[in-house]
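K.L.:
Please work out how this folds:
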Amino acid sequence: MPETELGPMNAAQRFNAFNEPDSFMKGPLDSRQLQAFAILARTGSFTQTAREMFLTQSAVSHSMKALESDAGCRLLDRVGKKVMLTQAGEHLLKHAEIILREMQAAREGIEQLGKWGRGRLRVGATATICTALLPAVLREFKESFPRSLIQVEPGDSRELVGGLERQRIDLGLMLQEAADDRFECLPIFSDELVFITAPLHPWAQEGTAPRAEIARQNLIVYRRASQTFRVVDEYFRSEDIVLNTVIELGSMEAIKELVKLGLGVSIAAPWVVQRELEDGSLRAIPLGRRKLKRFWSVAHWKGRRLTLAEETFVGLCRSAVETLPRTMDLVATNGFAHEDIPTRLAGVP
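P.N.:
From the prediction side, this is the model:
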């Protein structure tokens, strides 16, 4: 293999060096070698290059020999005391400068992530959580991390599991029942599902939903494929009741309006319809003698350590649910006690 300090090659030797089968690069080039090569191209001096890299001149020389060996061709020519680039060296230098700039940018970016307030927050949440909980949480979060990039992806709990799997999101605020053993679930709160009716509906007048009438009632649901509908369907099937689903919508706001018009009843947590319960345009009725609870958590890959920003987000979510229990008094007026709609999970500070 030709060596830098043995003098220039003749035309035949140079042609053979460029066209030998083994002359092609066999793998990634060493970044330290590229750095030394770029400095040497700028200074034209092994001595100056060694000084800037805090190395011996011999170490720089051996590094350049190794780089030429990896490249499979001669990159440098010595002309007197000056080192000059060959045509191949000029070509490599263009790429080396780009590579070194990108590596420096990557290093600076990583360093910035370690500084207070920098980084990103990629979370997924169900549509109702996005509406009822996240605005207050993100407002508080932005005050603590003003320069953090925030990305929110809405979706059903099962869709958020897919987002975690494909690493589109880092945290999923979703129903704990949708997660599996691959994920760690940090509890946020629990709630209870109830029937939602118009004020003049017979159930609202009686304060209860007669078991014999449930199967005949027109039910307006939010996405049959959702995790909530799965647990609702399983609940009633265990009671030997098959629900009569007549309308399926992808908007909770649209569902509320149809229920107000008396076109059917729906099933939701009282905090989802808090405003309507407060103004009396909707009423909440228990599903039956057994309660149907859901457990909400922030899920992430098991074994992955949360960043400071992510830990802060989880804490803010737990604090924000304190505003939701205002629904309790409204639900109690329907004739049943819901001291835990929603309630904090045991052990959650």
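K.L.:
which residues touch Ala215?
P.N.:
In this structure, Ala215 makes contact with Ile241, Val242, Leu243, Asn244, judged by C-beta atoms under 8 Å, 6 or more residues apart in numbering. C-beta coordinates here come from the backbone N, C-alpha and C atoms, glycine included.
K.L.:
What number of residues are in the vicinity of the second one?
P.N.:
It refers to Val242. Applying other C-beta atoms under 10 Å, we find 11 residues neighbouring Val242.
K.L.:
Tell me the confidence at the spatially closest residue to it that is not a sequence neighbour?
P.N.:
In this structure, Val242 finds its nearest non-sequential neighbour in Ala215, 5.8 Å apart by C-beta to C-beta, 6 or more residues apart in numbering. Ala215 is assigned a predicted lDDT (pLDDT) of 88.
K.L.:
got it, and Arg14?
P.N.:
Per-residue confidence (pLDDT) for Arg14: 46.
K.L.:
With Thr228 instead?
P.N.:
At Thr228, the pLDDT value in this model is 87.
K.L.:
Can you give me the distance of Ile98 to Met84?
P.N.:
For Ile98, the distance to Met84 (C-beta to C-beta, to the nearest Å) stands at 21 Å.
K.L.:
More neighbours: the two, which one.
P.N.:
Legend: neighbour count by other C-beta under 10 Å for Ile98 and Met84, higher for Met84 (13 against 10).
K.L.:
contacting residues around the more buried one?
P.N.:
Gly44, Leu76, Asp77, Arg78.
K.L.:
Lowest-confidence entry in these?
P.N.:
Per-residue pLDDT puts Arg78 lowest of the contacts of Met84, at 85.
K.L.:
next helix or strand past the helix or strand harbouring that one?
P.N.:
Arg78 is part of strand 76-79, with elements assigned from DSSP states H and E. Heading C-terminal from strand 76-79, the first helix or strand you meet, by DSSP H and E, is strand 82-85.
K.L.:
so what strands line up beside that following strand?
P.N.:
Each strand paired with strand 82-85, and its direction, by DSSP bridges: strand 76-79 (antiparallel).
K.L.:
Output the strand it pairs with as CSV, nothing but the C-alphas.
P.N.:
Taking Å, rounded to 0.1, in the frame of the first residue of the first chain, the C-alpha atoms of strand 76-79 are listed here in CSV:
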residue,chain,number,x,y,z
LEU,A,76,-1.8,13.1,0.5
ASP,A,77,1.4,14.1,-1.4
ARG,A,78,4.4,15.7,0.2
VAL,A,79,5.9,18.5,-1.8
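K.L.:
and it, how far out from the chain's middle?
P.N.:
Remark: strand 76-79 is offset 52 Å from the chain centroid, using C-alpha atoms, centre = their mean, to the nearest Å.
K.L.:
Where does pLDDT dip in the stretch 51-200 of the chain?
P.N.:
Scanning the stretch 51-200 of the chain with the threshold set as pLDDT under 70 gives 108-118.
K.L.:
quick one: the helices in it?
P.N.:
Remark: helices assigned in the stretch 51-200 of the chain by DSSP state H, counting those that start in this stretch are 57-71, 87-113, 127-132, 134-144, 157-165.
K.L.:
what packs against the second one?
P.N.:
Translated: helix 87-113. helix 31-43 (3 or more C-beta pairs under 8 Å, 6 or more residues apart in numbering; DSSP states H and E).
K.L.:
In terms of secondary structure, what does the helix it packs on contact?
P.N.:
Checking 3+ C-beta pairs under 8 Å, 6+ apart, helix 31-43 ends up next to helix 46-52, helix 57-71, helix 87-113.
K.L.:
of all the ones you listed, which lies closest to Pro154?
P.N.:
With C-beta to C-beta, the closest approach to Pro154 among these belongs to helix 87-113: 25.7 Å.
K.L.:
List the buried residues in the closest one.
P.N.:
When burial is assessed from 16 or more other C-beta atoms under 10 Å, helix 87-113 yields the following buried residues: Ala88, Gly89, Leu92, Leu93, Ala96, Ile99, Leu100.
K.L.:
Could you provide these in CSV, with additional columns for distance to Met174?
P.N.:
Below are the buried residues of helix 87-113 laid out as CSV (distance: C-beta to C-beta, whole Å):
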residue, distance to Met174
Ala88, 56
Gly89, 56
Leu92, 50
Leu93, 51
Ala96, 47
Ile99, 41
Leu100, 43
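K.L.:
can you tell me which two in these are farthest apart?
P.N.:
Between any two of those, the greatest separation by C-beta to C-beta is 18.0 Å, found for Ala88 and Leu100.
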